[in-house]
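K.L.:
need coordinates for the below:
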Amino acid sequence: MKTLISINLVQSIMAKEAFAKESAEAIVTAADWIRETFEDGGKLLIFGNGGSAADAQHMAAEFVNRFLLNRRPLPALALTTDTSVLTSIGNDFSYDQIFAKQVQALAKPEDLALGISTSGSSTNVVKGMAAAKEKGLRTVALTGGTKNPGGDLTPVCDLVLNVPSDSTPHIQEVHLWVEHLLCEMVETTMFGNG
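P.N.:
Model (predicted):
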């Protein structure tokens, strides 16, 4: 078991290091776009499935409440939380439409859509991002994989932050790390160091 711990830790660190090396400029761009969205009176719409849904909710909470600084709330919304909306769309239309219909109802051109998909190919995330593009939003995706980086999200996103790993747990670990990093970068550029 101790060997497993050591191997897992090394692989997780390697995934973060590879992502940071490959995506440093894209991370800065994503942070700038989120800051600009907030400063221009827009909101951040975040969505994904499973662990990515949890990430969407976690990130929205960091912006609405606080991350490291006590500052004004920032408008971020996870489209993964309203069970009545999710289940009615899933039942009446299709699970593939659960994010797209919410984007169509709630998004304005000054908003930014952030889709999270470990594979980059979750149909409902892809359709949600396509709906965001149609409404004129900037679109950013967090994805993973080495065989088809960005997956099906690449054609519908302005910016793809892809973790160059094929290990789902390590991709998700990197996603949480970069989500926290984006929160810190936005807070620092908007409000200083406290």
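K.L.:
list the buried residues of the top helix by length along the chain.
P.N.:
With secondary structure taken from DSSP state H, the chain has its longest helix at helix 2-39. Buried residues in helix 2-39, counted by 16 or more other C-beta atoms under 10 Å: 12, 15-16, 18-19, 23, 26-27, 29-31, 33-35, 37-38. Any C-beta I mention is one placed from the backbone N, CA and C, and that applies to glycine too.
K.L.:
could you list every helix and strand in contact with that helix?
P.N.:
strand 44-48, strand 112-116, strand 138-144, strand 159-163, helix 168-191 (3 or more C-beta pairs under 8 Å, 6 or more residues apart in numbering; DSSP states H and E).
K.L.:
nearest to Arg66 among the ones you listed would be which one?
P.N.:
helix 168-191 (8.2 Å; C-beta to C-beta).
K.L.:
how far away from the center of its chain is the closest one?
P.N.:
Averaging C-alpha positions (C-alpha atoms, centre = their mean, to the nearest Å) puts helix 168-191 9 Å from its chain's average.
K.L.:
ok, stretch 118-125 next?
P.N.:
With C-alpha atoms, centre = their mean, you get 12 Å for stretch 118-125.
K.L.:
give the buried residues for it.
P.N.:
Thr118, Ser119, Gly120, Ser122, Thr123, Asn124, Val125.
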